[in-house]
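Quick check, what structure comes out for this input:
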Amino acid sequence: VLQMKIFFVGLQKVPYANRACDIRLDSFAELFVKCGCSVTVLNRYSAQKDIFDEIKRRRYEVVELIKHKRTSALSSILYLFSVVKEFFFLIGYRLKGDKNAVLHIYSGHYFDMLFYWFIARLCDYRVIYQYVEYRLDEKRKNPYHRVNAWLVDKCGAKLWDGVIPISHFLKDRALEQNPNLKWMMGPPICDYAQFDRYRTKKKNLVLYCGSAGYFEVIKLVVDSFNTSRLSESNRLELIISGTKSQIQKVKDYAPSAIVKTGLPYIELIKAYNEAKVLLIPLRNSVKDISRFPNKICEYAASKSVIVTTQYGEPAYFFKDKVSAILSDDCSVNSVAYSLNWIAEHEDQIEEIGKAGYEVGLQYFELNSYKEKIMDFLKSIQ
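Numbering: from 1, shown residues only. Reported below is the predicted structural model:
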C-alpha cells in the first residue's frame, strides 16, 4: 500500500461535468485510492451549478478553490483568483511537512505545465501528466493555440517526471522528448461493476455515441447502417452531444434514428447494455490514431459487439471476428460490410460480445491496473 498524496490539477468541474475526461479522471482517482493513496481534486473556478450533493458519494476529496456561483461578469477574475489560491494551497501542504506528493496534471496548456512544474520544484513534489491528445495535428487559427500546441507536444515532456499516455503514438512522442521519462500505458478504464449492475436483455439496436460536431463521422455511421441488412431488423440509436443546431442537423439527416442527448452516466450505461451492436469507426489520421476514445472501455463492458476499424489503439487489443469486428477502412462500404457480416452470423454475436468483455476485464477494468499504477508511482519517487 502506498502512502502518497495525489493532487488532481489543471481543470474545473471534475468529476461531475459528465465529460469523457471526467469519467477517465474519476476512474484514475478511484484507482489511486485503491492503492492506498490519499486523493484530492483541486477544481479551479467555473460559473456552473452547485454540485456538492453529487460529490458526497466519492471516496476521494474534491476541493472547490472558489465556491460555485452563477455569475458571468466576474468569471475571469474569479478564475485567476482560484489559480492564485491553488498555488498557496499546494505550497501550504508542503509547509505542513509532507513532501511525498504528486501533481497529476490534466491540461492542454503549456503554461499550466510550467506553473505546476515550478510548484513541484519548490516543494519537491513529483509531476505526472495524463497525455490524451496530440495537439499539433489540429489546424488552429488562433496564434496562441498554434504556439501552445507546439510547446505541449514538443517541449512538455521535459517538465514531467512521469506520463500516462492513452496511446502508443503519444508514448513514443513523449519519449522522443524525454527518453528518461517514466511511463505507464493508460488506456481508457472504468468500473465494470457499474455495467454488471445494470445488465439487461439485448434489443435490436445499433448504437453510436459521439459528438454532433463530427458530422462526417455521424454521416458515415448513418449511411453504413442504412446500406446494411441490419437496418431491416434493427434501429439506429445516436447518443450525441453538441449545440442545438448541430443536433438538429443530425436529426434532419437521420429522421428514422433514435436521437438522445444529455444522458446521465447511468442512463448511458443502460443504453450501451441494451444495444446489440456498438459503433466506433476510427479514421486513418494522426488525430484518430493518437487518441483512444473512452467509449471503448465502456463498449467492452456492455458485452455488445463492437464495430470499429483496423486503425488506432483498439486494433492492439481486439481480434477481428473474435472479440470485435474490425472494418478494413473507415468507409461506408467497409463498415456496411461489417454490419452485413453481423446480420449473417447472428449466432456468433453473443460470443463475440462476451470475448470483448473479457478483453475489457484484462485491459480496461479499473482493478486490473492496481499493481501497474503502484509500480509506476514507486518508479517516480
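
Going by C-alpha atoms from here, please, whenever you check contacts or count neighbours.
OK.

What ranges does this structure have for its strands?
For the chain, the strands defined by DSSP state E cover 5-9, 38-43, 61-64, 101-105, 126-131, 162-165, 182-183, 205-211, 235-241, 258-260, 277-279, 305-309, 325-327.

rank those strands by mean pLDDT and give me the bottom one.
Of all those, the minimum mean pLDDT falls on strand 61-64 (a mean of 92).

Give me the below-cutoff pLDDT ranges for this structure.
For the chain, the stretches with pLDDT under 70 are 1, 48-57, 68-73.

quick one: stretch 181-190 to chain centroid distance?
Stretch 181-190 has its C-alpha centroid displaced from the chain centroid by 12 Å (CA atoms, centre = their mean, to the nearest Å).

swap that for stretch 231-242, please
Using CA atoms, centre = their mean, the offset of stretch 231-242 from its chain centre is 22 Å.

same thing with stretch 180-194?
Centroid displacement of stretch 180-194 relative to its chain, using CA atoms, centre = their mean, is 10 Å.

do stretch 327-337 as well
Relative to where its chain is centred, stretch 327-337 has its mean C-alpha point 25 Å off (CA atoms, centre = their mean).

mind checking the longest helix of the chain?
Longest helix in the chain by number of residues (criterion: DSSP state H): helix 75-95.

Which elements pack onto it?
helix 110-123 (3 or more CA pairs under 8 Å, 6 or more residues apart in numbering; DSSP states H and E).

Enumerate the positions of the helix it packs on that are buried.
By neighbour count on 16 or more other CA atoms under 10 Å, the buried set for helix 110-123 is 110, 112-113, 116-117, 119-120, 123.

likewise stretch 16-34?
Quick answer for stretch 16-34 (16+ other CA under 10 Å): 21-34.

could you give the angle of the longest helix of the chain to strand 101-105?
160 degrees (axes from the mean of the first three to the mean of the last three CA atoms, to 10 degrees).

what does helix 75-95 rub up against?
Contact with helix 75-95 is made by 42, 44-47, 65-66, 119, 123, as judged by CA atoms under 8 Å, 6 or more residues apart in numbering.

Recalculate using a threshold of 10 Å.
For helix 75-95, the surrounding residues in contact (CA atoms under 10 Å, 6 or more residues apart in numbering) are 5, 7, 9-10, 12, 42-47, 64-67, 69, 71-72, 98-101, 103, 112, 115-116, 118-120, 122-125.

before we move on, what about stretch 140-159?
107-111, 113-114, 116-118, 120, 127-129, 131, 133-139, 163, 170, 173-181.

Please check these and keep the buried ones.
107-108, 110, 113, 116-117, 120, 127-129, 131, 133-136, 163, 170, 173-175, 178, 181.

what's Ser30 in contact with, if anything?
Check again: residue 30 is Glu, not Ser. Counted by CA under 10 Å, 6+ apart, Glu30 has contacts 37, 39, 58-60, 190-191, 366-367.

For those, pick the one with the most neighbours.
Cys190 (28 neighbours; other CA atoms under 10 Å).

Which residues are in contact with that one?
Taking CA under 10 Å, 6+ apart, one finds 23-28, 30-31, 294-298, 301, 360-361, 364-367 in contact with Cys190.

ok, it to Tyr337 distance?
Going from Cys190 to Tyr337 by CA to CA, to the nearest Å gives 30 Å.

what's the answer for Asn273, then?
Separation of Asn273 from Tyr337 (CA to CA): 24 Å.

Of the two, give the one with the bigger neighbour count.
A side-by-side neighbour count of Asn273 and Tyr337, using other CA under 10 Å, places Asn273 first with 26 against 19.

That one contacts Ser304, correct?
Yes. Between Asn273 and Ser304 there is a contact at 6.9 Å, judged by CA atoms under 10 Å.

what do these two both touch?
Shared contacts of Asn273 and Ser304, counting by CA under 10 Å, 6+ apart, come down to Lys202.

returning to that earlier point: PyMOL command for the buried members of the contacts of helix 75-95?
Selection of buried members from these for PyMOL, criterion 16+ other CA under 10 Å:
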select buried, resi 5+7+9+10+12+42+43+44+45+46+47+64+65+66+67+99+101+103+112+116+119+120+123+124+125
